[in-house]
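Engineer: Pasting the sequence and the predicted model now:
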Amino acid sequence: MTHAVCQSKTKIRKTWLMQHEVITFVIIVACVFCSGFFSGSETAVTAVNRYRLHYLAQVKKNPSATTLFTMLKQPQKLLGMILIANTFLNMLVSSLATAVTISWYGEQYVLVATLLLTLVVLIFAEVLPKSVAAHRADTIAYRVAGVLHALLWILSPIVIVINGITMGLLRILGVQIQPKKEMDLSRDELGNLIKLRRRGQGKDSGVEQMLEGILDLDDITVEDIMQPRSEINGIDISQRWPQIIQYLRRSNDTYCLI
């Protein structure tokens, strides 16, 4: 009787351990998925088109764009939150995977499990989500803006502490970080923005060409826009208008009325 009871308890304990390990494995998969979410979100919010974001947030008043635009005013907090969450998830995955490996196969397989886990994390939590986010940065950035905003509010105390420690260490090392102006555009960036507008409209209204010409004013000399006086033919305005018009029609030269 006692032997049967012991066998029953052992069986129940094994069943419980197996269920516990299955739950642990499910948690590992979920953590890898969440880590991939944060990795992709980091790439998307840093690669999002800032000019289109500014237009949607300030002009169109798009809620997702407004939320993302507000968070990107302090990118160190947003990126700090993403890195904190991503690092925690990766450390948790490593710890759980080590515990499961020891329980199932023994300590001698920990190195093998580490190598396999590294491959899984690199593919599904880093390379794959970041590659997708890089190709669809705008779409993904707007969709994850609400989730990131909520997580930033929840983790804001931790983010403030981490950023404070980081900034303190940077000051000790003599490194000063100047805030970047969001809409301070260079000449090349303005040119690319004009080209994007032309491509989006599908036709050239002439305004874009004029704006591109303004950007090239620094490279234009007087000889580029002025006609030398020796190459200008004069027309006596005291002549009759029919004669002047007929003379103009017969020639393609540049004329000046005198």
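Structural biologist: Nice, I can see it.

Engineer: Angles on the backbone of Ile235, please.
Structural biologist: phi -120, psi 130 (degrees, to the nearest 10).

Engineer: Residues in a beta bridge with it, which ones?
Structural biologist: Beta-bridge pairing for Ile235 (DSSP bridges): Leu257.

Engineer: I'd say it and Gln246 touch.
Structural biologist: No - assessed by Cβ atoms under 8 Å, Ile235 is found out of contact with Gln246, at 11.2 Å. Backbone N, C-alpha and C define where each C-beta goes, glycine included.

Engineer: and those two? which has more neighbours close in?
Structural biologist: For the pair Ile235 and Gln246, the greater number of neighbours falls to Ile235 (14 against 10), based on other Cβ atoms under 10 Å.

Engineer: which residues sit against stretch 39-51?
Structural biologist: For stretch 39-51, contacts defined as Cβ atoms under 8 Å, 6 or more residues apart in numbering pick out 68, 71-72, 75, 78-79, 82-83, 86, 125-126, 129-130, 132-134, 136-138, 140-141, 144, 147-148, 182-183, 193.

Engineer: who touches Tyr247 in this structure?
Structural biologist: Ile235.

Engineer: Can you tell me how far it is from Val26?
Structural biologist: 91 Å (Cβ to Cβ, to the nearest Å).

Engineer: repeat for Leu92
Structural biologist: In terms of Cβ to Cβ, Leu92 sits 13 Å off from Val26.

Engineer: Distance of Ile84 relative to Thr24?
Structural biologist: For Ile84, the distance to Thr24 - Cβ to Cβ - is 23 Å.

Engineer: Of those two, which one has the most company?
Structural biologist: Ile84 (17 against 14).

Engineer: Let me know the pLDDT of that one.
Structural biologist: The model reports Ile84 with a pLDDT of 92.
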